[in-house]
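> Sequence below, structure please.
(one chain, ligands or ions: 1)
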Amino acid sequence: MAQKARMTVDRDFRIGEVDKRIYGSFIEHLGRAVYTGIYEPGHKTADELGFRQDVIDLVRELNVPIVRYPGGNYVSNFYWEDSVGPKDQRKPRLDLAWRTYEPNAVGINEFSKWAKKADTSIMMAVNLGTRGTSDALNLLEYCNLDTKSEYADLRRAHGDKDPYGIKLWCMGNEMDGPWQFGHKNAREYGHLAAETSKAMKTMDRSIETVVCGSSNVDMPTFGTWEAQVLDEAYDYVDYVSLHQYWGNRANDTADFFAVTDDLEYFLHSVIATCDYVKGVKHSKKTINLSFDEWNVWYHSMQQDNEDMENLPWRSHPHLLEDIYNYEDAIVDALALIKFLQHADRVKVACLAQLVNVIAPIMTEEGGPAWRQTIFYPFYLVSKYGRGTALQPVLSCGDHATSKHDHVTDVEAVSVWNEEKEQLAIFAVNRNTEEPVEFEADLRGFEGYHVAEFAALEGDDMKAVNTKDCERVKPIRRTDAVLDGGVLKTVLKPASFVTIVLEK
Ligand code: AHR
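Next up, the predicted model:
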């Protein structure tokens, strides 16, 4: 029997402007993200710098406005000086995070050029694990300053006359994690992040900084970490980070689709903590959220752990190459909907990662690049989810899963692009058994018609894409009925739809 869902879309029910940086992503020096991912001299599509044009084309298709770089865990042992200047003088290094060999053939000189070609900007992380404030300042000067001083001079000597103008800087990575080299307690880290951010902002007044929050919602220190770090750093930083990865280890799809209820709890708790510290400090400033690592990640983990243990110090090995299936794509759609529902506070989000490593884009060395299943929800939401996020006033049934009660059948949000006179509705039917008769009351959007109706639907939750065959991709539907200002359609079980209306 079909379930029912009714949504009211009203342009006055505003959540907030969507910051385009929520469609960010991440390239870490890890596995084949850089080498044979974005960079493969000798590949038939490689440009004069060795960047794969086929990959750049796919990145541009996703329309990713910001890319976090160069890590991740990698950054906590990153010596940026080794990765710049004449290539024949660069020093290879051992990366401790992933136990691999880093040739340093690509560094910020090259990545800044790749970013331009991919039509994106860089979100740069500094090493606050094994290094500290002065190295962060040197890197900032190298990247952003036009002064006659040591590191700006060095950049020019390396052939880059113009500064890179990097506006967003991460104060380390996952510093709450015991696995992090240079891991610190919350007070130590908060103090270091505050002092580093203060010094960096004195050097370049135009930058914004992100302080590390928790590595995931299950960290034992979650909550106190944010409160103590922000107590130290509140006045000096702009965003607090959140990271979260999901997996369907128990092969329980219904419960897998409920992970965004945990995400809601995570977001809500961090927002509350930021505002608690704001209150305690009698501050006028609001700290917003940078969800700078999120995705499904579990398929490759066991093999990777064995390989890192038994086969260390390889150059660009196959690591974290999760092959995504249909249900993973639905979970990514749910996460994007959740970020839009919190558009007033989530200002940055990075799909981790972008190429080969837990990524929407895969490549074969010497071969093609192709789209994983998770490419498509990101593509659709990034394309149409720009403008003002509107409050999803939604009534629908719910169901229980093995670990979650009251899981709403439908999760939805809409985004109104006033300039384009375009309204996008994004909806997932999380009910894996029943279709949902979906109605949207589009009051105030008279004269709009359905311009695009894309659906990700399928019965095989484990269907994957390969370089030769795209089994999972959106289909175009034409059966949405718009009558008297009410849009009606049916959401198939376990499906994601994007409905775009235009004037
Ligand atoms: O994205 C892969 C890894 O996940 C990152 O290096 C780290 O920050 C996180 O634990």
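> Kindly report the residues of the stretch 201-350 of the chain close to the ligand.
Neighbours of the ligand within the stretch 201-350 of the chain, by Cβ under 6 Å from any ligand atom: S215, E293. Backbone N, C-alpha and C define where each C-beta goes, glycine included.
> Which single residue of the stretch 201-350 of the chain ends up nearest the ligand?
Nearest residue of the stretch 201-350 of the chain to the ligand (Cβ to the nearest ligand atom) works out as E293 at 5.4 Å.
> same check, this time on the stretch 51-200 of the chain
Counting by Cβ to the nearest ligand atom, the stretch 51-200 of the chain gets nearest the ligand through G72, at 2.8 Å.
> In space, what's closest to that residue - neighbours in sequence excluded?
In space, and not counting its chain neighbours, G72 is closest to E28: 3.7 Å by Cβ to Cβ, 6 or more residues apart in numbering.
> Could you report the neighbour count for that neighbour?
27 (other Cβ atoms under 10 Å).
> Next, the distance between the ends of stretch 360-373.
7 Å (Cα to Cα, to the nearest Å).
> ditto for stretch 253-260
End to end - Cα to Cα - stretch 253-260 spans 13 Å.
> Stretch 316-331 too?
28 Å.
> What mean pLDDT does it get?
The average pLDDT within stretch 316-331 is 98.
> for R14, what are its contacts?
T388, A389, L390, Q391 (Cβ atoms under 8 Å, 6 or more residues apart in numbering).
> So the third one is in contact with V413, correct?
Yes. Using Cβ atoms under 8 Å as the test, L390 is close enough to V413 to be in contact (7.3 Å).
> in the stretch 151-300 of the chain, which spans are strands?
168-171, 208-211, 239-246, 288-296 (DSSP state E, counting those that start in this stretch).
> would a markdown table of those strands with distance to L139, mean pLDDT and mean neighbour count be doable?
Putting the strands of the stretch 151-300 of the chain into a markdown table (distance: least, Cβ to Cβ, whole Å; pLDDT from 0 to 100; neighbours: other Cβ atoms under 10 Å) gives the following:
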| stretch | distance to L139 | mean pLDDT | mean neighbour count |
| --- | --- | --- | --- |
| strand 168-171 | 9 | 98 | 26 |
| strand 208-211 | 13 | 98 | 24 |
| strand 239-246 | 19 | 98 | 23 |
| strand 288-296 | 18 | 98 | 25 |
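> residues near Q180, how many?
23.
> Please disregard the earlier target; I meant R476.
R476: 8 neighbours (other Cβ under 10 Å).
> With the flanking residues excluded, which residue is spatially nearest to it?
Nearest to R476 is A454, by Cβ to Cβ, 6+ apart, at 6.2 Å.
> so the one you found touches I475, yeah?
Yes. With contact defined as Cβ under 8 Å, A454 reaches I475; the gap is 7.3 Å.
> which of the two has more neighbours?
Applying other Cβ under 10 Å to A454 and I475 shows that A454 carries more neighbours, namely 20 against 10.
> Show me what that one is bridged to.
Judged by DSSP bridges, the bridge partners of A454 are R476, T498.
> Could you measure from F181 over to F26?
Distance, F181 to F26, by Cβ to Cβ, to the nearest Å: 19 Å.
> between these two, who's got more neighbours?
Neighbours were counted for F181 and for F26 using other Cβ under 10 Å; F26 has more, 29 against 14.
> which residues sit in contact with the more buried one?
By Cβ under 8 Å, 6+ apart, F26 lies in contact with V67, R68, Y69, G72, D292, E293, C350, L351, A352, Q353, L354.
> do the same with F339
I22, F291, V346, A349.
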